[in-house]
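Participant: Make a model of this:
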Amino acid sequence: MSAERDLPRWCRDLVELYESDAASQFILYGNVDDRFLLSDGQPARLGSLTDFLRETLLGAFDIVIGYDVGNGIRIEKGSDLFAEWPYLKENPQLPRQPRGAIETLTHYFRYCANWARAGGPRRRIACMLRSTHLFAPSLQAGFNADTNALAVLMRDWSSDGLLTEYPLASFLATGTLSDLHPLLARNPRAATIEIPLPSADDYLKTLTVLTGAYPVALGRPQASLQAAAAQLAGASVSSVERLLRTLEHRNAGWTSADLAELKKRSVELDGEGLIEFLQPERTLEDVHGQEPLKKWLRQDIALWQQGDVDAVPKGYLLCGPVGTGKTFMLECLAGEAGVPVVRLKNFRDMWVGSTEGNLEKIFRLVHALGRCMVFVDEADQALGRRQAGSSDSGTSGRVYGMIAEEMGSSHNRGRIVWVLASSRPDLIEVDLKRPGRIDVKIPILPTSSAEEGFELLRALCSRRRVGVQPEALDALRAHIPARLTPGAAEVLAVKTYRLVRTENLSPLDALRRCLEDYRPAVSDSVMDFQIQLAIGEASDASFIPEAYRKHLSG
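Facilitator: Numbering: from 1, shown residues only. Got it, this is the predicted structure:
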């Protein structure tokens with residue numbers, strides 16, 4: 001195998017394991033379906049993982065064999081040597097179905113190993129199995145004797161004494177480890193190698209080499225390519241290749257807007273609907289009031305941007321009654337930091353093992369983005385429980401364990417910030433919101449006086465070009481709710497705008513009518529309860545407005 005220094009890190013690890021005889025079977029998972037750079041020369045080429053392994057690592061191998069359920073067995077290299085196998089004289093048609101194909105390959109490997117023991121040639125053989133999870137899946141549907149037999153045969157390639165003495169290397173590619181049969185995924189004699197999405201450094205090399213193939217689309221100075229590479233980190237190469245081909249056909253160069261939209265689309269497609277990619281345009285300037293909190297958050301962001309990550313929180317918990325603007329606060333925080341936001345959607349699945357596989361995909365995408373925030377709304381429902389009931393076959397407990405491990409990883413400090421939002425923080429497992437996972441807990445509360453409520457309404461009406469004068473407070477004071485959430489204020493501002501436009505009322509009269517008709521969406525008892533919970537979670541007393549400090553002793 002080639003051990004060149006410019007190989008990707010995962011590739012160098014694989015080479016070291018093979019050449020040190022530490023492993024001969026490799027479970028490749030993660031970004032296995034992407035495109036890979038095959039040549040540093042011109043014209044540059046991109047190819048599949050199979051192409052990359054064959055041309056970059058396996059040049060010294062005599063025979064390279066591939067198999068997938070669609071194409072069956074294919075001889076990628078050394079077909080004349082493979083044709084010397086006596087078995088082919090009586091069985092010229094190789095089987096396509098998984099059971100027959102794997103048995104045939106096992107038979108061939110044993111034949112070659114026995115022949116070498118008897119004094120025959122020791123030919124280096126590599127076997128690459130694509131989409132292995134399709135014919136050796138995890139045991140979602142229960143016991144399956146045929147699938148188990150296949151898994152045992154493939155596992156024997158790495159453990160059978162006859163085969164381990166022979167120069168045989170096998171590569172089993174799958175999207176996620178949880179999709180693969182446990183006899184293979186947990187084989188102690190095989191090495192699991194994660195293929196990550198391209199980093200900024202990977203992209204800079206790829207874009208530089210591809211400049212010759214796409215001279216118009218990539219006809220930019222090196223500094224521009226560096227900026228593009230940083231912007232594209234986390235997107236798949238296949239999606240970038242489509243964009244370059246399209247732009248070259250149009251005889252047009254890329255723009256920053258092209259790359260931003262491409263990355264958003266690519267991350268969401270690679271996430272298969274499990275995540276939503278956001279690039280917020282708001283900043284903390286858009287947050288009304290809460291000056292002590294904004295000062296604290298800006299200090300965190302300054303440390304993050306300076307690379308002084310020791311004091312940067314691993315996570316934030318935004319808690320407060322419904323409608324208080326927890327999601328809005330997240331968008332402002334991320335916009336101020338200038339980082340993308342990955343919002344977790346419904347990653348749970350009805351099939352056993354699929355939920356864990358979905359989380360693996362999400363984590364892989366998040367790691368590839370570099371600095372980013374991961375937002376979990378309704379965290380009390382989404383994050384699972386340490387002690388799960390029997391109704392979900394233990395899925396909730398496994399989800400809890402995976403997320404807890406990811407949130408607590410010291411490797412992620414300064415790279416990934418988790419932001420949880422919940423109106424019921426008491427239902428989130430204590431271990432998930434402890435320091436070291438969630439370092440800063442912020443109560444997001446409704447207004448505490450008529451003056452605060454009026455200023456909030458004025459600001460929201462102003463955004464809709466409805467001017468409410470400051471002196472109108474006296475006329476409206478009696479109608480302004482003492483505890484007004486941004487969500488409720490937004491509805492009131494929209495209704496005010498509607499009355500101004502449809503009934504030609506003055507802004508003051510329109511707002512007065514809306515306030516007279518206002519009915520809170522949440523009862524006082526529920527609001528009190530959720531306020532008490534949020535204040536009780538606060539990690540710093542300065543985050544709590546003065547009017548709510550009385551709840552601290554409650």
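Participant: Spell out the residue ranges of the strands in the stretch 101-250 of the chain.
Facilitator: 125-129, 168-174, 191-195 (DSSP state E, counting those that start in this stretch).
Participant: Now mean neighbour count too, for the ones you listed, in TSV please.
Facilitator: (C-beta placed from N, C-alpha, C; glycine too.) Listed next are these as TSV, based on neighbours: other CB atoms under 10 Å:
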stretch	mean neighbour count
strand 125-129	25
strand 168-174	24
strand 191-195	18
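Participant: And the ones you listed: which comes nearest residue 324?
Facilitator: Among those, the nearest to residue 324 by CB to CB is strand 191-195 (39.4 Å).
Participant: circling back to that earlier point, can the strands of the stretch 101-250 of the chain go into TSV with extra columns for mean pLDDT?
Facilitator: Putting these into TSV (pLDDT from 0 to 100) gives the following:
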stretch	mean pLDDT
strand 125-129	97
strand 168-174	96
strand 191-195	94
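Participant: how about a markdown table for these, with distance to residue 82 added?
Facilitator: Shown next, in a markdown table, are the strands of the stretch 101-250 of the chain (distance: least, CB to CB, whole Å):
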| stretch | distance to residue 82 |
| --- | --- |
| strand 125-129 | 9 |
| strand 168-174 | 14 |
| strand 191-195 | 26 |
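Participant: For residue 287, which of the ones you listed is the nearest?
Facilitator: The minimum distance between residue 287 and the strands of the stretch 101-250 of the chain falls on strand 191-195, with 38.5 Å, by CB to CB.
Participant: Adjacent strands (with direction) for that closest one?
Facilitator: strand 25-30 (parallel) (DSSP bridges).
Participant: helices or strands next to the very next helix or strand once past the strand it pairs with in the packing?
Facilitator: Scanning forward in sequence from strand 25-30 by DSSP states H and E, the next helix or strand is strand 36-37. Packing contacts for strand 36-37, counted by 3 or more CB pairs under 8 Å, 6 or more residues apart in numbering; DSSP states H and E, involve strand 46-47, helix 49-52, helix 200-210.
Participant: Just checking: what are the partner strands of strand 36-37?
Facilitator: Counting by DSSP bridges, strand 36-37 is paired with strand 46-47 (antiparallel).
Participant: Out of the strands of the stretch 101-250 of the chain, which is closest to residue 538?
Facilitator: Closest to residue 538 of these, according to CB to CB: strand 191-195, at 38.3 Å.
Participant: how far is that closest one from where the chain is centred?
Facilitator: Average the C-alpha atoms of strand 191-195, do the same for its chain, and the two points are 18 Å apart (CA atoms, centre = their mean, to the nearest Å).
Participant: Identify the residues contacting the helix or strand encompassing residue 367?
Facilitator: Per DSSP H and E, residue 367 falls inside helix 354-368. Residues from elsewhere that reach helix 354-368, judged by CB atoms under 8 Å, 6 or more residues apart in numbering: 29-31, 140, 175-179, 194, 196-199, 233-234, 267, 270-272, 274-275, 342, 344, 347-349, 372, 374, 395, 398-399, 402-403, 406, 415-416.
Participant: Kindly recompute the last result at 7 Å.
Facilitator: The contact list for helix 354-368 (CB atoms under 7 Å, 6 or more residues apart in numbering) reads 30, 176-179, 196-197, 233-234, 267, 270-272, 274-275, 342, 344, 347-349, 372, 374, 395, 398-399, 402, 406, 416.
Participant: In helices, which of the residues you listed fall?
Facilitator: Of the contacts of helix 354-368, the ones assigned to helices by DSSP state H are 267, 270, 395, 398, 399, 402, 406.
Participant: okay, now the second one: neighbour count?
Facilitator: Looking back up the chat, that one is residue 270. 23 (other CB atoms under 10 Å).
Participant: And for the fourth one?
Facilitator: Residues lying near residue 398 (other CB under 10 Å) number 19.
Participant: What residues does it make contact with?
Facilitator: Each residue near residue 398 by CB under 7 Å, 6+ apart is listed here: residue 356.
Participant: Check it and give its pLDDT.
Facilitator: Residue 398 is assigned a predicted lDDT (pLDDT) of 78.
Participant: And for the third one?
Facilitator: Note on residue 395: pLDDT of 70.
Participant: Next one: it from residue 357, what distance?
Facilitator: 11 Å (CB to CB, to the nearest Å).
Participant: same deal with the last one?
Facilitator: Taking CB to CB as the measure, residue 406 falls 15 Å from residue 357.
Participant: try the fifth one
Facilitator: Distance of residue 399 to residue 357, computed by CB to CB: 11 Å.
Participant: thought residue 270 was touching residue 234?
Facilitator: No. Counting by CB atoms under 7 Å, residue 270 sits too far from residue 234 to count as a contact (8.6 Å).
Participant: For residue 512, give me phi and psi.
Facilitator: phi -60, psi -50 (degrees, to the nearest 10).
Participant: number of nearby residues for residue 434?
Facilitator: 13.
Participant: what does residue 482 give?
Facilitator: By the measure other CB under 10 Å, the count of residues near residue 482 is 12.
Participant: Could you measure from residue 422 over to residue 326?
Facilitator: For residue 422, the distance to residue 326 - CB to CB - is 8 Å.
Participant: so what are the domain limits for this structure?
Facilitator: Per automatic domain parsing, the domain ranges recorded for the chain read 9-195, 200-270, 278-443, 450-517.
Participant: what's the closest of those to residue 541?
Facilitator: Nearest of these (CB to CB): domain 278-443, 9.6 Å.
Participant: check which helix or strand covers residue 16.
Facilitator: Per DSSP H and E: helix 9-19 holds residue 16.
Participant: Which strands and helices lie in contact with that helix?
Facilitator: With contacts taken as 3 or more CB pairs under 7 Å, 6 or more residues apart in numbering; DSSP states H and E, helix 9-19 sits against strand 191-195.
Participant: Convert the C-alpha atoms of the strand it packs on to CSV, please.
Facilitator: The C-alpha trace of strand 191-195 is given here as CSV (Å, rounded to 0.1, in the frame of the first residue of the first chain):
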residue,chain,number,x,y,z
ALA,A,191,-10.3,-2.1,12.0
THR,A,192,-13.1,0.4,11.8
ILE,A,193,-12.1,3.5,9.7
GLU,A,194,-14.4,6.5,9.5
ILE,A,195,-14.2,8.5,6.3
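Participant: when you compare where that strand runs with where helix 354-368 runs, what's the angle?
Facilitator: Orientation note: strand 191-195 sits at an angle of 60 degrees relative to helix 354-368 (axes from the mean of the first three to the mean of the last three CA atoms, to 10 degrees).
Participant: Show me what strand 191-195 is in contact with.
Facilitator: 10, 13-14, 17, 23, 26-32, 177.
Participant: show me the contacts for residue 321.
Facilitator: Counting by CB under 7 Å, 6+ apart, residue 321 touches 423, 446, 485, 522, 527, 530, 531.
Participant: The last one touches residue 448, doesn't it?
Facilitator: What that stands for is residue 531. No. With contact defined as CB under 7 Å, residue 531 does not reach residue 448; the gap is 9.8 Å.
Participant: Using CSV, write out every CA atom in the longest helix along the chain.
Facilitator: Across the chain, the longest stretch assigned as helix under DSSP H is helix 98-117. The C-alpha atoms that make up helix 98-117 are tabulated as CSV, following Å, rounded to 0.1, in the frame of the first residue of the first chain:
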residue,chain,number,x,y,z
PRO,A,98,-25.0,-12.5,-1.9
ARG,A,99,-24.8,-16.0,-0.4
GLY,A,100,-23.4,-17.6,-3.5
ALA,A,101,-21.0,-14.7,-4.2
ILE,A,102,-19.5,-14.6,-0.7
GLU,A,103,-19.1,-18.3,-0.7
THR,A,104,-17.4,-18.2,-4.0
LEU,A,105,-15.0,-15.4,-2.9
THR,A,106,-14.2,-17.4,0.3
HIS,A,107,-13.5,-20.5,-1.8
TYR,A,108,-11.2,-18.5,-4.0
PHE,A,109,-9.3,-17.0,-1.1
ARG,A,110,-8.8,-20.4,0.5
TYR,A,111,-7.6,-21.8,-2.8
CYS,A,112,-5.0,-19.1,-3.2
ALA,A,113,-3.8,-19.5,0.4
ASN,A,114,-3.5,-23.3,0.1
TRP,A,115,-1.8,-23.0,-3.3
ALA,A,116,0.8,-20.6,-1.7
ARG,A,117,1.4,-23.1,1.2
